[in-house]
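In: attaching a predicted model along with its sequence, questions to come.
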Amino acid sequence: MNQRLLALDVFRGMTIFFMIVVNTPGSWNYVYAPLLHAKWDGCTPTDLVFPFFMFIVGVSMAISFSKFEGTNNKEWIKKAISRGFKIILIGLLLNWFPFFTKNITELRFFGVLQRIGLSFMITGILVSLINKKYLWFLLGAILISYWGILLSSGEGALTLEGNVVRTIDLALFGESHIYKGYGIPFDPEGLLSTLPAVGTVLLGYISGKNMMLQADISKKIKNLLLYGMGCLAVGLIWSYLGFPINKPIWSSSYVLFTGGLAMLFLAGMIWIIDVLDYKKWTFIFRAFGQNPLVCYALSGLIVKTMLLITIGEQKLYAWLYTSAYQPIFGNYFGSLMFALSLVMSIWVIAWMMDRKGIIVKV
């Protein structure tokens, strides 16, 4: 594996590592502020994790789909639809698990994997049909169109209660199939907000294609830095002009802001790994990067299984935290250590798969 691909694996692995950490604290009552999402507008370090993964999905797509270029688009589209559908199905099954305790009439339709699958599928189809030199225009059209659609709902268009993303999901799927973690039915991975998420994957795809066109590694880094700073600046300006950086509705300014940061971060990874040749530390994240969806799905299965087991008056999940971590490490640090222990237990499995050359592809 060449070093540039190692940088991609490390980037991808780091996003999965932190996705699991922020999703599995010992107690949601004791979480350090940087490990929490912004309540609505704004961006914390945690709000960077998911779009960074979506971005690297786009970069990886540019590389893996390059073998289809110059051939019949049907093969490209078939592969995009097949992979996307499989990821969506895994997400739905994970939401439904354990099947014997949850009625399908209450199944949440959307989620992280569903967003990844839908965005992968749509982006794959778009880039197979549209000339590569027009992809920046396509990205602009997606982001501006989404802005216009959101504002069309009138007063309260960018609020939790009044945004059209929520309105469409309620009308199409009903309250029982929508996430309720915001106090009211609203899905941060809803149908309409998948549109700008496609923009995030497309931004990664464009970055990946640009990297492939440059043989000189210094030019790869330079281009990532220039485009990254440009996207970052436009995202901040757009936010200042009235379209706030907002993860729950995946605002267009959020796409550019996080995409710009992702480019800068990737440039840093390539510089550290390729130019400075610092690679020894990468084995931790490389294992996650080789089988990212397996690791993410496994974390969900472990947590859900732990919530099925009762010890005394507590679920196993809470019992482990209050019995083993909280007394030793305290409230907040104990909650973090619980999450790190869980993610490292998954890492052992990922590391063993990596050592045996097992890569699960969908």
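Out: Done, it's in.
In: helix, strand or coil for residue 113?
Out: Under DSSP: H, G, I helix; E, B strand; the rest coil, residue 113 falls in the helix class.
In: name the nearest residue to it, sequence neighbours excluded.
Out: residue 91 (3.0 Å; C-beta to C-beta, 6 or more residues apart in numbering). Every C-beta, even on glycine, is put in place using the N, C-alpha and C of the backbone.
In: could I get the phi/psi values of the closest residue to residue 33 other than its chain neighbours?
Out: The shortest distance from residue 33 to any non-neighbouring residue, by C-beta to C-beta, 6+ apart, is to residue 44 (7.2 Å). When read as degrees, to the nearest 10, the backbone of residue 44 gives phi -100, psi 170.
In: and residue 44, how far from residue 36?
Out: To residue 36, residue 44 is 6 Å away according to C-beta to C-beta, to the nearest Å.
In: please report how far residue 180 lies from residue 169.
Out: Counting by C-beta to C-beta, the gap from residue 180 to residue 169 is 12 Å.
In: settle it for me: which of these two has more neighbours?
Out: residue 169 (24 against 12; other C-beta atoms under 10 Å).
In: so what touches whichever strand or helix holds residue 227?
Out: According to DSSP states H and E, residue 227 maps onto helix 217-240. Helix 217-240 is contacted by residues 4, 203, 207, 210-211, 214, 245, 251-264, 266-267, 270-271, 274-275 when judged by C-beta atoms under 8 Å, 6 or more residues apart in numbering.
In: let's see it at 7 Å
Out: 207, 210-211, 214, 245, 252-253, 256-257, 259-261, 263-264, 266-267, 270-271, 274-275 (C-beta atoms under 7 Å, 6 or more residues apart in numbering).
In: those, buried ones only, as a PyMOL selection?
Out: To isolate the buried members of these in PyMOL, using 16 or more other C-beta atoms under 10 Å:
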select buried, resi 207+210+211+245+252+253+256+257+259+260+261+263+264+266+267+270+271+274
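In: quote the end-to-end distance of stretch 268-281.
Out: Using C-alpha to C-alpha, to the nearest Å, one end of stretch 268-281 lies 15 Å from the other.
In: give me the buried positions along it.
Out: Buried, per 16+ other C-beta under 10 Å, within stretch 268-281: 268-274.
In: among those, which one sits closest to residue 104?
Out: Checking the buried residues of stretch 268-281 against residue 104 by C-beta to C-beta gives residue 269 as the nearest, at 41.7 Å.
In: in which helix or strand does that closest one reside?
Out: helix 252-270.
In: for that helix, which helices and strands make contact with it?
Out: helix 3-23, helix 49-64, helix 135-151, helix 194-213, helix 217-240 (3 or more C-beta pairs under 7 Å, 6 or more residues apart in numbering; DSSP states H and E).
In: just send these back as CSV, with mean pLDDT and distance to residue 359 too.
Out: Below are those laid out as CSV (pLDDT from 0 to 100; distance: least, C-beta to C-beta, whole Å):
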stretch, mean pLDDT, distance to residue 359
helix 3-23, 88, 11
helix 49-64, 94, 12
helix 135-151, 96, 28
helix 194-213, 95, 19
helix 217-240, 95, 25
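In: tell me who's in contact with the residue nearest to residue 113.
Out: Here residue 91 is in contact with 111-114, 117 (C-beta under 7 Å, 6+ apart).
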